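Chemist: sequence isn't available, so here's the structure alone:
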């Protein structure tokens, strides 16, 4: 797992740039666009040169403007471009001729290669790109014209046994020693405030609880690294005191789940020698992971959770890793720009935004839009498996998750462009956001089901476009995790999406998922169609949202998603609910999104509900009590769930919604799967952020300001302490009677001094000093 033998976590520090830009920030309140239309855009001059606007005019405006934006200091002007090195030269020599590692379906076995993200218009350009690649000391690339236009492909991870025979193909390999490593980053000045800053909670009073959640939880025997002995209690206690917010409340399940998730998250923070800090999804190494055991599927959850760490270095490194440290952000749906902006709201790292922005723009176009946009159907195609939702009843197509992500990415890029002063790009990103909002609201909303659903369309074959690699999406080193597409099915005929039906199995085809007509909306409700448009803010924050809010009734419908142990991923009334249990035994998979409850989606549901209650106009469908019920149910999954060869507290991949069994682990133990212990401390959702952004209702509103809109119901007291917000130390407490903290009321403290208060549990606006 690339974990150091004796991890030593960096002391919490406030970046020098935070201090600099906090002093110079100017809060820009984003004006609502209302009914104003965004005009046609002929080119994206501030976003991606020489690329025509992919959607023509944006006649459907974004109804909800970005919540806020900061203006960061202007970055230094970029250095003039350097000419590519002479090529061919002594630095590169031909490695082989007539063959290259394949990136298409004719190959099988081993690791396939990756499309090199650059303008591969000539061998010289490829060489220049390769010299600045993720790991330049192993620099091998391929040039070819056999696909109709020159391009280059990073061959670093090629398996030489997998070759594609073609003409005009050359593999070039660097032969000279690698360039010296760059000088280390100068040390960050120490923070002005103490490393830990407690004013409400005494850490010593939580020692026994931390000992309980950090004990070995099972005796694994399924291979190297599959064990339940994580970071020792003493080490974790010290680290958490310095790096994490601490929480307490009158509900034992909520409090226990908080400290358990704090400990489990700590176990997933790995300090690498070449990429700084990264965060993993699986605690043990899994064969489908990429560099440093990373997987981008839940990285958006990792960053939303990790933004509350006191040490901003960890999330800074993790965000940089995806573009500069060997990460592979494109291999799952990953809302990376959205995450970078969410992190900035808490940490306020202007220099990081400026550094990441060009990479985020390239990621949006070259890794997300170009391979997956269906010009024929006008929406973003994705397979269910590459959204992390294998064996989905709705199948592959234009799914609510990925199309909502595209909207959220455009809004985040608009916010980032505003913050770093790229004024030419702001309007372009607003037009992109307007387009994707229209896609979700018009193409994916089903009047028949009253729900956001998948539009069943075949995988697009992207056409070449300027400045991007446009081959069909390659198979990847994640391939071994699941089948080539989400459900292992393809378009069987011009008008059928899916496999041929056969057999009566539970009213669903026994050999696979249901079939859906191409170009038509599926007729099944899935939990991701409930959570995603609200989690990512696609639904307008105006009166029109009333059309979509009744969909939330399905969350508490016994024939819909409601269940004792957490929301189902597919409505119970669907004929193909849990269809994978009726396929042949050798085709069954432990990860199924057609019934079991998944923390990945449960966290999105709870976050989306909080957004409705805090950010949207008043309504009566989603209530504070309903939100609280979902949060408590989720906490009790952790503290009371049933674990094969283990004990609570626990968090795994899937839970049986009716019995409370951690299901994927149960199935893998039943089949004697060699990876059956892989789910220890599974890091695939948020929990701390649910408390911060929901229970406390924390919203960043500007430099050194924030608001609180607490959603807590039925708690006699609750508090969070040791919070680091934009370099300041914050504590928040509620005491209904005064018996816990000596004084009743809702109070916010900075360095132990009251800065805002109210006698009742009500919204507060807070300004720090």
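Modeler: Sure thing, it's come through. The structure presented is a predicted model; accordingly, all values stated were derived computationally and were not measured.

Chemist: what is the burial count for the spatially closest residue to residue 277 that is not a sequence neighbour?
Modeler: Beyond its immediate neighbours in the sequence, the residue positioned closest to residue 277 (CB to CB, 6 or more residues apart in numbering) is residue 317, lying 4.0 Å away. For glycine as for every other residue, the C-beta is placed from the backbone atoms N, C-alpha and C. The number of residues packed near residue 317 is 20, by other CB atoms under 10 Å.

Chemist: and the residue nearest to residue 252 when sequence neighbours are not counted, what pLDDT?
Modeler: Residue nearest to residue 252 in three dimensions, not counting chain neighbours: residue 639, with 7.9 Å by CB to CB, 6+ apart. pLDDT, residue 639: 97.

Chemist: would you say residue 639 is within a helix?
Modeler: Yes: with DSSP: H, G, I helix; E, B strand; the rest coil as the criterion, residue 639 is part of a helix.

Chemist: isn't residue 539 up against residue 552?
Modeler: No: between residue 539 and residue 552 there is no contact under CB atoms under 8 Å: 11.1 Å.

Chemist: neighbour count winner among the two?
Modeler: In terms of neighbours (other CB under 10 Å), residue 539 is the more surrounded of residue 539 and residue 552; the figures are 26 against 22.

Chemist: separation between that one and residue 437?
Modeler: Distance from residue 539 to residue 437, counting by CB to CB, to the nearest Å: 9 Å.

Chemist: quick revisit: so who does the residue nearest to residue 252 touch?
Modeler: 252-253, 256-257, 260, 648-649 (CB atoms under 8 Å, 6 or more residues apart in numbering).

Chemist: if we go to 7 Å?
Modeler: By CB atoms under 7 Å, 6 or more residues apart in numbering, the residues touching residue 639 are 253, 256-257, 648-649.

Chemist: the helices in the stretch 501-650 of the chain, which residues?
Modeler: 527-535, 599-615, 624-640 (DSSP state H, counting those that start in this stretch).

Chemist: and those helices as CSV, adding distance to residue 339?
Modeler: CSV is the format used below for these (distance: least, CB to CB, whole Å):
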stretch, distance to residue 339
helix 527-535, 12
helix 599-615, 13
helix 624-640, 21
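
Chemist: residue 301: what's it in contact with?
Modeler: Taking CB under 7 Å, 6+ apart, one finds 603, 684-686 in contact with residue 301.

Chemist: report the secondary structure state of it.
Modeler: Assignment for residue 301 (three-state DSSP): helix.

Chemist: can you get me the start-to-end distance on stretch 562-570?
Modeler: Taking CA to CA, to the nearest Å, stretch 562-570 runs 10 Å from one end to the other.

Chemist: what's the mean pLDDT across it?
Modeler: 97.

Chemist: name the residues of it that come out as buried.
Modeler: 562-563, 565-570 (16 or more other CB atoms under 10 Å).

Chemist: about what we covered before: ok, the residue nearest to residue 252 to residue 277 distance?
Modeler: 29 Å.

Chemist: one step back: now the contacts of residue 639 as a markdown table including distance to residue 395, pLDDT and neighbour count?
Modeler: As requested, the contacts of residue 639 are arranged in a markdown table below (distance: CB to CB, whole Å; pLDDT from 0 to 100; neighbours: other CB atoms under 10 Å):
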| residue | distance to residue 395 | pLDDT | neighbour count |
| --- | --- | --- | --- |
| 253 | 36 | 98 | 19 |
| 256 | 38 | 98 | 20 |
| 257 | 33 | 98 | 28 |
| 648 | 34 | 92 | 20 |
| 649 | 35 | 95 | 23 |
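
Chemist: and of the residues you listed, the nearest to residue 270?
Modeler: residue 649 (22.1 Å; CB to CB).
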